[in-house]
Each structure stands twice: as structure tokens, then as C-alpha cells.
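Peer 1: sequence plus predicted model, see below.
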Amino acid sequence: MARKKVSIIDLFNPELPFVTEFRRLLYKIRNAETGSELKTLLFTSAMLAEGKSTICSFLALTASRHKGMKTLLIDCDLRRPSIHKLFAIEREPGMSNILGEGLKLEDSIRKTGVETLDIITAGKISAQPAEIFDVDAIGRVVDEMKFFYDLILVDTPPLLPVSDPMLLAPRMDGIVLIVKAGVTQREVVGRAVDIIESSRHKILGVVLNNMNNSLPYYYDYSYYGYEYKPPPRMRYGAAGKKNNPEKKSKNRTRKNGLASDSTVKPA
């Protein structure tokens, strides 16, 4: 008997501490002093495996479920897409089918278990993704969707390996950079910022995705009496372990999670 796939929606519980962090992140983004409305957001990172897709997905869920915002999540990582995996849906049809095969936009939009959240997956994997990555076409998709959605989140590849995020950045209202604390070197982050220097005024900040006990103990949820355990076989960026009370004095390092009150830091 086939095991049912677990969707990230099943992990979203408004009572969990890490969801509170995403509410704070959404608040900070929506109240950023940019002088214009922030309706389209690009998410990227410097390198692979920094948690950008997971953070982008949880933020989309927060906007749609907590704030009731009609939200569209677009997977524009045509090389290593993961949004479809997180939501346990089929990868095709999607963005690559729109770009390479002329698929109608309305035929690519996927409904989710959340009424106000829709998804456009990456679609068919191409042997030459650079050839079908059409910035103008993607820009037109985003511009058209602005009339139907309150918020559009676009997940893109890392900055250093490919140029896709840099090319798409000027078409977006804001850019959020994901950094894995304790892993991504300062020079690497600096290089990522330099790459999008021409769009620097659009960089809203950095989400610190701490996975390796890099922050001091007072950022630990257990310090505040919280308890959050990941489900079996599944671990996402904001999971943590409960400290043993008897060993708390010796175990004052932060577990996995987003930094409380420091989720977004100026770039």
C-alpha cells in the first residue's frame, strides 16, 4: 500500500513557535519602508540548500491562512525545483510548459488545500533551462497575476551558480535573501549582494535560517518554554528539539529555527 505524501500544509499549525516567526516576517515585509506597494517578492539565496523554498512556502501559507491574502506561489527554479515536493503535488504542467510550449496560464495554476493559496510549479525539467528561461515572459505572467492576487512569491535558484535571479530581480517589487547561519560564509553572502547591486534598493533584508546552533541560547524556543518537534521522517528549516530540563544549564545553544525578533536583518 502506497504511503500518502505529506504536504507542508499538514505541518502548518498557527500555534507552533516557528509559525509565529513567519507572522513576524510577513509583518516586517509588509511594513518595509520602500515607498511603494510590495506585491511581488523574489526569494533567493547565495548557495544551494539554504532553505529558501521552505521559507518561501511557509510565508505563502502564513499570508494566505493567517492574513487571508489571496496568494500565488511560483516556482521559477527550473533546474532544481522543490515547491511541488513540499506541497506533494505533480510538477507538471508548470512554468517551463508556459515558457517552452505556450501552455495557457490558467491551465498551469494549481489549487491547494488552502482556499486563498494557488501555485504555479516549475513544470517539465529541460536539458537546457537557460534557453527557456525567458525573463520578459515570466514578467508578463507576474504582471498579469497582480490583478488577481494580493501577494505573489517567486522562488528562484541561488544567485552564485546561475544568473536567473539577477535577471528577474528588476521585474519584482522586493528581494529577500536567505542565509543559512553557521554555514554560508560572510564573503559568499557579500558576493551574492554584489551580484544584485543594481537592484540593491529592492533588497528588503536577510532571513537568517539557523540550522546549526549558531545563535546564543536566548534565541532557543526552549528558553521561552516552547516545545516544537518535527514529525517523523520530515525536517524543515524551523524544526527544533526540546531540551532536557535537567541538562538545560549545559545545553544553552540554539536548536534549529528562525531567529526570534531577528528574522529579517538589513542587507
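Peer 2: Everything's here; your move. Numbers count the residues shown, from 1 in each chain.
Peer 1: going forward, measure contacts between C-alpha atoms and count neighbours the same way
Peer 2: Noted.
Peer 1: how about the strands in the stretch 1-150 of the chain?
Peer 2: With DSSP state E, counting those that start in this stretch as the criterion, the stretch 1-150 of the chain has strands at 40-45, 71-75, 110-111, 117-120.
Peer 1: tally up the residues packed near the closest residue to His84 other than its chain neighbours, please.
Peer 2: Distances taken as Cα to Cα, 6 or more residues apart in numbering place Arg91 nearest to His84, at 5.4 Å, with adjacent residues excluded. Close neighbours of Arg91, defined as other Cα atoms under 10 Å, add up to 19.
Peer 1: then Lys28?
Peer 2: Counted by other Cα under 10 Å, the residues lying close to Lys28 total 15.
Peer 1: from Tyr27, how far out is the closest residue in space to Met95 that isn't next to it in sequence?
Peer 2: Leaving out its chain neighbours, the residue that sits closest to Met95 by Cα to Cα, 6+ apart is Ala122, at 4.9 Å. Separation of Ala122 from Tyr27 (Cα to Cα, to the nearest Å): 28 Å.
Peer 1: and the two? which has more neighbours close in?
Peer 2: Ala122 (28 against 12).
Peer 1: which pLDDT does the model give that one?
Peer 2: Per-residue confidence at Ala122 stands at 96 (pLDDT).
Peer 1: any low-confidence regions in the stretch 101-250 of the chain?
Peer 2: Applying pLDDT under 70 to the stretch 101-250 of the chain flags residues 198-201, 210-250.
Peer 1: helices of the protein, start to end?
Peer 2: Remark: helices assigned in the chain by DSSP state H are 17-30, 52-61, 83-86, 95-101, 129-132, 135-145, 164-168, 186-195.
Peer 1: and these: which comes nearest Asp75?
Peer 2: Nearest to Asp75, of all those, is helix 83-86, at 6.2 Å by Cα to Cα.
Peer 1: buried ones in the closest one?
Peer 2: Buried residues in helix 83-86, counted by 16 or more other Cα atoms under 10 Å: 83-84, 86.
Peer 1: next: stretch 119-129.
Peer 2: 119-125, 129.
Peer 1: of all those, which comes closest to Ile74?
Peer 2: Using Cα to Cα, Ile120 comes nearest to Ile74 of the buried residues of stretch 119-129, at 4.8 Å.
Peer 1: residue contacts, that closest one?
Peer 2: The contact partners of Ile120, by Cα atoms under 8 Å, 6 or more residues apart in numbering, come to 72-75, 94-95, 108-110.
Peer 1: over to Asn97?
Peer 2: Applying Cα under 8 Å, 6+ apart, we find Asn97 in contact with 103, 123-124.
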